[in-house]
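[1] Everything below, folded, please.
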Amino acid sequence: MGKHIIQRLKGLRRKGRLLLRDEGGVALVEFALVLPMMLVVFAVIVEGSRMMIGYQSAIAGVRDATRYLSRIVPVNICTTGGGVSAHAPQLQTIVAQSLTGGAIFPGGVTVQANGVTPALACVAGTYRVNPAPVVTVTALVDITFPFAGIFTLVGSSFGTTPLTTSISDQSRVFGS
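    Residues are numbered from 1 along each chain as shown. Here you go, the predicted model:
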């Protein structure tokens, strides 16, 4: 009976050595270790591209609003008086429409309420119309990150609060 136990222990030892040499599940264990890092890198790439797409849309919207304002304001506004603040609601709509139209990803960039402000400057010089009117449109936009929860998993607070930035553009008034 003792001889049988010794042979059985030798067999178990031999199987244990074979089990230690077996590399069948190594790839799965390595993948399980690397997967969280891959997900974080993927989330950073997606969020970075969403931010750039949204930011470029906001820039295009502010540029369109400035172009619109430079066409509807009369060219002699500096000499006749008047302002451009009455056009703020229409400019807000133009910028907001640029952020929602044709988006590949869900909107993460939004214009703040009453965040679009027009301004007028009269530049003196030797121009056809002296002083030359120049309009400036400034928009305050918030950038939010829907994948912020992934960043908190790795101990970062990035993306938990929206980023706020200001975008401006100016154009010479060509009049209506």
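[2] Spatially central residue for this structure, please.
    In the chain, the residue lying closest to the centroid (C-alpha atoms, centre = their mean) is M51, at 1.6 Å.
[3] Remind me what the host helix or strand of that one packs against, helices and strands.
    Using DSSP states H and E, M51 sits within helix 26-72. Judged by 3 or more C-beta pairs under 8 Å, 6 or more residues apart in numbering; DSSP states H and E, the packing partners of helix 26-72 are helix 88-100, strand 109-123, strand 132-143, helix 148-153, strand 163-172. For glycine as for every other residue, the C-beta is placed from the backbone atoms N, C-alpha and C.
[4] rank those by mean pLDDT and give me the bottom one.
    Across the helices and strands packed on helix 26-72, helix 148-153 has the smallest mean pLDDT, namely a mean of 68.
[5] State the distance from the residue lying closest to G125 once chain neighbours are set aside to G61.
    Nearest residue to G125, sequence neighbours excluded (C-beta to C-beta, 6 or more residues apart in numbering): A132, at 6.5 Å. Applying C-beta to C-beta, to the nearest Å, the value for A132 to G61 is 25 Å.
[6] Who has more neighbours out of these two?
    The neighbour count for A132 versus G61, taken as other C-beta atoms under 10 Å, is higher for G61 (29 against 17).
[7] Go ahead and confirm the more buried one touches L91.
    No. Assessed by C-beta atoms under 8 Å, G61 is found out of contact with L91, at 9.3 Å.
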